[in-house]
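Undergrad: sequence first, predicted coordinates after that:
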Amino acid sequence: NLLGQSPAQVVASLKGSIYHNPYTQSYETADEYLSGNVREKLEFAKEAAKANPAYEENVKALEKIQPKELIPEEISVTLGTPWVPVSDVQTFVNSLSNGKIDVSFSKFGAHWSVNGWGSSAEFSTGYADFKKILESALNQKSITIYRNLSSDSKAVDGEATTAANQKVQELRSKFEEWIWSDKERADRLAAYYNRNFNNQRLREYDGECLNFPG
């Protein structure tokens with residue numbers, strides 16, 4: 001009303017400065033629309049463009065500001081990382097154990113459990129078996145080995161504790177090498193990581209609407 005124009009005329013004059021968000025069904029300024037989870041917004045825009053070609057403008061704008069895709073070597077993954085599927089961790093464990101050890105993850109307690117039986121001469125000590133080493137590595141915990149001094153007292157066995165935690169670190173390093181060793185698995189996990197974690201863009205302001213006297 002203030003401009004003496006129709007809504008369509010106002011929208012046309014603000015092309016590039018505002019976008020109609022197909023998810024919220026409302027107009028947003030460019031700095032708002034082209035920020036946040038821009039990968040998800042691009043997916044919505046592409047779907048909307050199939051029914052309404054007007055959203056192609058959104059698609060083109062969002063494609064230009066997508067975060068750089070990270071390659072496997074640029075993604076840090078440790079044994080016990082929650083977003084890595086349990087099936088992949090199980091495959092890793094199976095490649096090391098000569099028995100049947102099952103791993104599971106509880107999202108509510110953010111805790112890994114190790115069940116079954118099996119051993120690994122490479123990742124065990126005389127005081128800490130493979131299951132103990134594995135569970136500690138999965139839950140990002142250290143191991144403490146005690147030795148009995150008498151029937152009612154005990155003390156930390158420093159040498160045994162150091163040896164056990166060294167095996168925990170070696171197991172983590174082994175996993176970090178193994179996880180990206182298979183191309184299909186590496187591509188799948190990298191795609192998942194980029195989609196779910198490498199998807200944010202900070203809001204940027206160009207300041208073109210500001211006018212400073214002098």
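TA: Done, it's in. None of these values were measured; they are calculated from a predicted model.
Undergrad: all contacts plus neighbour counts: C-alpha atoms, from now on.
TA: OK.
Undergrad: export the helix or strand of the chain with the lowest mean pLDDT as PDB, just CAs?
TA: Sorting the helices and strands of the chain by mean pLDDT, DSSP states H and E puts strand 146-150 at the bottom, at a mean of 82. This file holds the C-alpha atoms of strand 146-150, laid out as PDB (Å, rounded to 0.1, in the frame of the first residue of the first chain):
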ATOM      1  CA  TYR A 146      45.000 -52.900  40.300                       C
ATOM      2  CA  ARG A 147      47.200 -55.400  42.100                       C
ATOM      3  CA  ASN A 148      46.400 -56.800  45.500                       C
ATOM      4  CA  LEU A 149      48.700 -55.800  48.400                       C
ATOM      5  CA  SER A 150      46.900 -57.900  50.900                       C
END
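Undergrad: which SSE is immediately downstream of it?
TA: Note on strand 146-150: by DSSP states H and E, the next helix or strand toward the C-terminus is strand 153-156.
Undergrad: pLDDT score assigned to Y27?
TA: We have a pLDDT of 96 for Y27.
Undergrad: strands along the protein, start to end?
TA: In the chain, the strands defined using DSSP state E lie at 18-21, 26-29, 36-37, 100-106, 111-117, 146-150, 153-156, 200-201.
Undergrad: out of these, nearest to G214?
TA: strand 26-29 (27.4 Å; CA to CA).
Undergrad: check contacts around the closest residue to I71 other than its chain neighbours.
TA: Closest residue in space to I71, ignoring its immediate chain neighbours: A190 at 6.4 Å, by CA to CA, 6 or more residues apart in numbering. Listed by CA atoms under 8 Å, 6 or more residues apart in numbering, the contact partners of A190 are L70, I71, P72, I75.
Undergrad: would you mind measuring from the closest residue to the third one other than its chain neighbours to N58?
TA: The one in question is P72. Once flanking residues are discounted, P72 sits nearest to A190: 5.7 Å by CA to CA, 6+ apart. Relative to N58, A190 is positioned 26 Å away (CA to CA, to the nearest Å).
Undergrad: mind checking how far G207 is from F197?
TA: In terms of CA to CA, G207 sits 29 Å off from F197.
Undergrad: out of the two, which sits in the busier spot?
TA: Neighbour count, other CA atoms under 10 Å: between G207 and F197, F197 has more, with 11 against 7.
Undergrad: burial count for I71?
TA: With other CA under 10 Å as criterion, I71 counts 14.
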